[in-house]
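> Dropping the sequence and predicted coords here.
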Amino acid sequence: MTIGSIRMLRHFVAACQSENLHKAAKAQCLSQSAITKSIRQLESNLGVQLLVRTSRGVTPTLYGKALYDRARRVEVECDLIEKELSEMASGHGGQLRIGAGSVWSSMFLPRVLARLYTERPRAQFTVLRSSGARFADQFEKDEIDIGVGAFDAFMDYSDTNSADFVCEPLSEVSTSFFAHCDHPLHKLPYAQPKDLNAYPYAAFRQDRELQSRVGRYFAHHGLMQPHAALVSDSISGVMEILKVSPMITCLPTPLADIASAFGAAAIRTKESPWIIKTGIMHRKAGLGYQLLDDLVKELRRESAAFAHRNGLQI
């Protein structure tokens, strides 16, 4: 349906509601001749008579009554579309689907989204857990509009055309091995790779790239990757098993605050098994979408604030 047809439907609905062409024209800020011409054109397009003149004004024919019910729904939808697009353009509304790594989804995004929502209560955000190469898969399936997390893994494993994406590095995140505070490894001044290798491993399955890097860390020291005694999609599930077993795990170091709630802490080592380069990823087609632009600004702000508070790069 053309924009012109929608305009004629609006004129027709106004005539039906007012039962008077003069009043309908005034409500639509038109002359009576203009609204009459519009309705006649609509009748010509449809090949049926929609209105008949009466002593009191106009009344819909049977065709007109049938059209009115549907035209009213079209008008409501058009009003909603106009409102939604206006809110999107201003940044006060709209929707965003965000893929986020474990650090961002657990620690930083809640504060970012809370600030955005305070100023944009009609906006809607959906957050999906993601990591590494999974970002590329989620973009390919059109499941997310923006990703924030393991930037280097996305660049290394993405099958998407990088020319279609904006990829902005944000910061670096170290990783650490974690164990319950009562674990024997915490009694060592520094745990060596061979010490870590002596204990079973709890793997956070969602981050396959992290586990691959852990394997390379041990291989670099001439060791096999620890036996994965547990594989879980849940960070809390991994942390719970640390409470009741000698297992260790490897996670981004900023998750230490979450780990402490489960009685776990980072094991002291002389090096991080892997430094994660984090960043923002989204299609260039999203540029100019106010809600996305505002989210990017807040992500930059949160990244910088964390680095400043801790005197390091995250």
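Looks like it arrived, so ask away. Residues are numbered from 1 along each chain as shown.
> C-alpha only now, for contacts and for neighbours.
OK.
> pLDDT score for the residue nearest the centre of the chain?
Nearest residue to the geometric centre of the chain (CA atoms, centre = their mean): Ile98, 1.7 Å. Note for Ile98: predicted pLDDT of 95.
> Name the helix or strand for it, please.
Ile98 is part of strand 93-100, with elements assigned from DSSP states H and E.
> And for stretch 51-70, what's in contact with it?
Stretch 51-70 is contacted by residues Phe12, Val13, Ala15, Cys16, Glu19, Asn20, Leu21, Val48, Gln49, Leu50 when judged by CA atoms under 8 Å, 6 or more residues apart in numbering.
> hmm, try it at 6 Å
With contact meaning CA atoms under 6 Å, 6 or more residues apart in numbering, stretch 51-70 is reached by Glu19, Asn20, Leu50.
> how many other residues sit next to the first one?
Neighbour count of Glu19, defined by other CA atoms under 10 Å: 19.
> Could you report the separation of the residue lying closest to it once chain neighbours are set aside from Glu75?
Of all residues not flanking Glu19 in the chain, Val58 sits nearest, at 5.1 Å (CA to CA, 6 or more residues apart in numbering). Distance of Val58 to Glu75, given as CA to CA, to the nearest Å: 20 Å.
> Just the ones of the contacts of stretch 51-70 in strands?
Assigned to strands by DSSP state E, none of the contacts of stretch 51-70 qualify.
> coming back round to it: for the residue nearest to the centre of the chain, which residues are in contact?
Ile98 neighbours (CA under 6 Å, 6+ apart): Thr126, Val127, Ile144, Ile146, Gly147.
> what's the most distant pair in those?
Thr126 and Gly147 (11.6 Å; CA to CA).
> In terms of packing, which of the two has more residues around it?
Gly147 (29 against 11).
> Output the contacts of stretch 51-70 as JSON lines; include the columns distance to Val238.
Converted to JSON lines, those look like this (distance: CA to CA, whole Å):
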{"residue": "Glu19", "distance to Val238": "69"}
{"residue": "Asn20", "distance to Val238": "71"}
{"residue": "Leu50", "distance to Val238": "68"}
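> Just give me the neighbour total for Leu80.
12.
> Could you tell me the angle between the helix or strand encompassing it and strand 93-100?
Using DSSP H and E, the element containing Leu80 is helix 62-90. Counting by axes from the mean of the first three to the mean of the last three CA atoms, to 10 degrees, helix 62-90 lies at 50 degrees to strand 93-100.
> Let's test this: mean pLDDT of helix 62-90, rounded?
What helix 62-90 shows for mean pLDDT is 82.
> Of all the residues in that helix, which ones are buried?
Residues Gly64, Leu67, Tyr68, Ala71, Arg72, Glu75, Glu84, Glu87, Met88 are the ones in helix 62-90 that count as buried (16 or more other CA atoms under 10 Å).
> and if you look at stretch 222-241?
Gln225, Pro226, Ala228, Leu230, Ile235, Val238, Met239, Glu240, Ile241.
> residues in contact with the third one?
What it means is Ala228. By CA under 6 Å, 6+ apart, the neighbours of Ala228 are Tyr201, Ala202.
> picking that back up, pipe the contacts of stretch 51-70 into a markdown table and attach pLDDT per row.
Formatted as a markdown table, these follow (pLDDT from 0 to 100):
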| residue | pLDDT |
| --- | --- |
| Glu19 | 90 |
| Asn20 | 90 |
| Leu50 | 93 |
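> wait, Phe154 sits on Ser131?
No. With contact defined as CA atoms under 6 Å, Phe154 does not reach Ser131; the gap is 8.3 Å.
> ok now the helix holding Leu80, how far from the chain's centre?
Distance of helix 62-90 from its chain centroid, counting by CA atoms, centre = their mean, to the nearest Å, is 28 Å.
> Check stretch 131-145 too.
Per CA atoms, centre = their mean, the centroid offset for stretch 131-145 relative to its chain is 11 Å.
> Next: stretch 167-181.
Its chain's C-alpha centre and that of stretch 167-181 lie 21 Å apart, by CA atoms, centre = their mean.
> list the buried ones in it?
167, 169-181.
> So which of these belong to strands?
Under the assignment DSSP E, these contribute 167, 169-180 to strands.
> thinking again about what came up before, can the contacts of Ile98 go into TSV with extra columns for pLDDT?
Supplementary listing: the contacts of Ile98 in TSV, determined by pLDDT from 0 to 100:
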residue	pLDDT
Thr126	94
Val127	93
Ile144	94
Ile146	94
Gly147	93
